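**Student:** Build me a model from this:
(one chain, ligands or ions: 1)
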Amino acid sequence: MSNIYFIGLGLSKRFLTNASIDAMRKSDVIYADVYTSISCDITEDLLRQLSGKDVIPGNRDVLENREKEIYKLLDTGKNVGVAVIGDPMIATTHVSLAVGARQRGHTVIVVPGMSVHCYMISKSLLSSYKFGKSVTVAFPALGKVDVTPYKVIKSNRDQGLHTMVYLDLKEGGVMTADLALKYLVQMEMEMKQNAISQEDLVIIGERLGCDDERIRSMTISSAINEKFGKPPHIIIIPARNLYDMELEGLRCLI
Ligand SMILES: C[S@@+](CC[C@H](N)C(=O)[O-])C[C@H]1O[C@@H](n2cnc3c(N)ncnc32)[C@H](O)[C@@H]1O
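**Tutor:** Residues are numbered from 1 along each chain as shown. The predicted model follows:
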């Protein structure tokens, strides 16, 4: 029986924990998840230096479609680490690998990391109790824009809840906050359910956890015309019934 460690690396070098470094050192082989998130300064080389172990770049194909390769390592007595930017189980797809390993009799150990989800809630000063379902704005597929984010925002807003909006990451393409907001405005034009208005406030986080991070609150119309810094970016679409203290909190953002 071997161990499979799901290791949260946090958003950047300074959020690496002793627990995450220990887990990497206990692994014989480390797969670095290089497709569910990106960091400004955590690289495969850094993971190699910190762990002294083999680090294999794990894309969607390796970690989701070729799980057998990982089970085989576990079955031959190797401990495997899956190192993930942020938290390994928040807004990622690693549960099926954990379940598969457990079903084969291996031990699943999750090492939480500082997630962009918690980081953004904390930095926004909004009430953490008022977050509804999260959603991702995806690049159009075959020219069609997926309106799921619009429906989720509408449903959250109907219940007085905020929405955390992740932005699509694709090989060779990272969605920016201004583009995602343009898609949401386009969805409003199609769906006409008053879930999004150009005058609505949004909170935008850029490069969180990095030296050049910014968290700003502005209207959707100004955000669409804004030039944002390098990705990754994330957006909160707040509820329309903000508490007075939340409104005051937003004024504290730079
Ligand atoms: C699918 S989520 C994965 C979250 C990760 N598992 C975690 O716990 O942090 C990835 C998305 O979160 C956002 N994101 C991740 N890191 C970020 C950062 N440092 N600054 C701003 N947005 C970030 C981007 O929209 C990115 O496409």
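**Student:** So in this protein, which helix runs the longest?
**Tutor:** Secondary structure of the chain per DSSP state H: the longest helix is helix 177-191.
**Student:** mind giving me the domain split of the chain?
**Tutor:** 3-114, 117-251 (automatic domain parsing).
**Student:** So which elements touch the longest helix of the chain?
**Tutor:** The helices and strands touching helix 177-191, judged by 3 or more Cβ pairs under 8 Å, 6 or more residues apart in numbering; DSSP states H and E, are strand 135-137, helix 148-158, strand 163-167, strand 201-206, helix 220-224, strand 233-237. Any C-beta I mention is one placed from the backbone N, CA and C, and that applies to glycine too.
**Student:** buried stuff in stretch 207-224?
**Tutor:** Neighbour counts over stretch 207-224 (16 or more other Cβ atoms under 10 Å) mark 207-210, 213-218, 220, 223-224 as buried.
**Student:** ok, and which of those reach the ligand?
**Tutor:** Arg207, Leu208, Gly209 (Cβ under 6 Å from any ligand atom).
**Student:** Do a quick rundown of the helices in the stretch 1-150 of the chain.
**Tutor:** Taking DSSP state H, counting those that start in this stretch to define them, one finds helices in the stretch 1-150 of the chain at 18-26, 44-51, 60, 67-75, 95-103, 116-124, 148-158.
**Student:** now for those, which one comes closest to the ligand?
**Tutor:** Evaluated over the helices of the stretch 1-150 of the chain, closeness to the ligand peaks at helix 116-124, with 3.6 Å, by Cβ to the nearest ligand atom.
**Student:** That closest one versus strand 163-167: what angle between them?
**Tutor:** Helix 116-124 and strand 163-167 meet at an angle of 120 degrees, taking axes from the mean of the first three to the mean of the last three Cα atoms, to 10 degrees as the criterion.
**Student:** Tell me if helix 116-124 is near the ligand.
**Tutor:** Yes: counting by Cβ under 6 Å from any ligand atom, the ligand is contacted by helix 116-124 at Val116, His117.
**Student:** can you list contacts of that helix?
**Tutor:** 11, 37, 86-87, 90-91, 128, 131, 134, 164, 166, 203, 205, 208-209, 215, 232, 234, 236, 249-250, 253 (Cβ atoms under 8 Å, 6 or more residues apart in numbering).
**Student:** For the ligand, what's the nearest residue on the stretch 51-200 of the chain?
**Tutor:** For the stretch 51-200 of the chain, Cβ to the nearest ligand atom, closest residue to the ligand: Gly86, 2.0 Å.
**Student:** Quick check: that residue vs Cys40, distance?
**Tutor:** Per Cβ to Cβ, to the nearest Å, Gly86 is found 13 Å from Cys40.
**Student:** And the two? Which one has more around it.
**Tutor:** Gly86 (29 against 18; other Cβ atoms under 10 Å).
**Student:** re the thing from before, can you tell me what sits against the longest helix of the chain?
**Tutor:** Here helix 177-191 makes contact (Cβ under 8 Å, 6+ apart) with 137, 140, 145, 147, 149-150, 153-154, 165, 167, 194-198, 202, 204, 206, 220, 223-228, 233-235, 237.
**Student:** Could I get the pLDDT score of the residue of the stretch 51-200 of the chain closest to the ligand?
**Tutor:** With respect to pLDDT, Gly86 scores 97.
**Student:** Thanks a lot, see you next time.
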